[in-house]
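Enquirer: What would the 3D arrangement of this be:
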Amino acid sequence: MEKQNLTQGEWDTTEKEFLKNLNNNYFQDIRDDVQTLRKNRPESIKSQLCLAFTLADSLSRIHKIFLGTRGSDLDNNNEARFRAWVDNFVLTEKNNEYKKYKGLIAPNSKVVWNIRNSFLHFYSFPPATKEKEEYIIFGHNLSIKTNSNIKKAFREKGCTSITYIDAFRLIEAIFSGFLIQLLYLREIIKTNPDQYIKNVLYARDILFTQSAVVVPAKQNEN
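Expert: Numbers count the residues shown, from 1 in each chain. Prediction:
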């Protein structure tokens, strides 16, 4: 297994830096911010969703790199890129959060993409389609019984086309998607180690040149 002319020690350091950057500066950073909002401002569910969608966008770019995409092609067809990540790592039985709450998370990646666009660009729900009046309902960490009662109440008012999503569960499923993605990377190591190395080297360079890192000010600085 060639390591692009790296020694074993250099490769081990490179891989460790890549995984650490991916975990700390993306997954953990965003997850910590969501947890802070939940604790100090629990009604900030829209902001929490936007953070989770930002994580999904970032991870979908990494996934595309490991599929062999390079250069400007990484930023082409963002819908396909985003939806492929959601389909592979979120809306799948491998994702424990989805497996447990699949009826509350999202019916398909197209719906998640539409919600992502609307919240990141308009901070609200997608507009209704011209063909039929559709309703998207968001709950927030409600019980199964409460969720069922909400849908029933809307149907009784004549709202027959309803997409119900528990925002809390959707966010958690996105976070779980990161863990499924790490397992996917581990499988690539086994099946195609040379390609894995090339992808890590390419992705690491991107993360180290494009990551936004906060440098804390010195406490005693005047």
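
Enquirer: Now the strand or helix carrying residue 13: buried residues?
Expert: Using DSSP states H and E, the element containing residue 13 is helix 8-22. Residues of helix 8-22 classed as buried by neighbour count (16 or more other C-beta atoms under 10 Å): 11, 14-15, 18, 21-22. C-beta: built from backbone N, CA, C; applies to glycine.

Enquirer: all strands of this protein, in order?
Expert: Chain-ordered strands for the chain, with DSSP state E as the definition, fall at 135-139, 162-166.

Enquirer: closest to residue 174 out of those?
Expert: Distances from residue 174 to each of the strands of the chain were compared using C-beta to C-beta; the shortest belongs to strand 162-166, at 12.1 Å.

Enquirer: Touching the helix holding residue 13 from outside, list them.
Expert: Surrounding helix 8-22, the residues in contact under the criterion C-beta atoms under 8 Å, 6 or more residues apart in numbering are 3, 6, 62, 197, 200-201, 203-204, 207-208, 211.

Enquirer: Weed out the non-buried ones from those.
Expert: By the neighbour-count criterion of 16+ other C-beta under 10 Å, the contacts of helix 8-22 include these buried positions: 3, 62, 197, 200-201, 203-204, 207.

Enquirer: show me where this protein has helices.
Expert: Assigned helices in the chain, in chain order: 8-22, 29-40, 45-66, 78-89, 96-105, 109-122, 144-156, 167-191, 193-210 (criterion: DSSP state H).

Enquirer: between these, which one is nearest to residue 138?
Expert: Nearest of the helices of the chain to residue 138, taken as C-beta to C-beta: helix 167-191 at 4.8 Å.

Enquirer: picking up where we left off before, okay if I get the contacts of helix 8-22 as CSV plus pLDDT and distance to residue 154?
Expert: Compiled in CSV, the contacts of helix 8-22 are given as follows (pLDDT from 0 to 100; distance: C-beta to C-beta, whole Å):
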residue, pLDDT, distance to residue 154
3, 55, 57
6, 81, 58
62, 95, 38
197, 92, 52
200, 95, 48
201, 93, 51
203, 93, 44
204, 92, 48
207, 86, 44
208, 81, 48
211, 65, 43
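
Enquirer: And the residue nearest the centre of the protein?
Expert: Averaging the C-alpha coordinates of the chain gives a centre point, and the residue nearest to it by C-alpha atoms, centre = their mean is residue 56 (2.3 Å).

Enquirer: residues contacting that one?
Expert: So residue 56 contacts 82, 85-86, 90, 116, 174, 177 (C-beta under 8 Å, 6+ apart).

Enquirer: between the buried residues of helix 8-22, which is nearest residue 94?
Expert: Distances from the buried residues of helix 8-22 to residue 94 were compared by C-beta to C-beta; the smallest belongs to residue 22, at 19.0 Å.

Enquirer: what's the span of stretch 150-162, first residue to last?
Expert: For stretch 150-162, the first-to-last residue distance is 11 Å (C-alpha to C-alpha, to the nearest Å).

Enquirer: how about that stretch: buried residues?
Expert: Neighbour counts over stretch 150-162 (16+ other C-beta under 10 Å) mark 151, 154 as buried.

Enquirer: what's the spacing between residue 68 and residue 192?
Expert: Here the criterion is C-beta to C-beta, to the nearest Å. By it, residue 68 lies 10 Å from residue 192.
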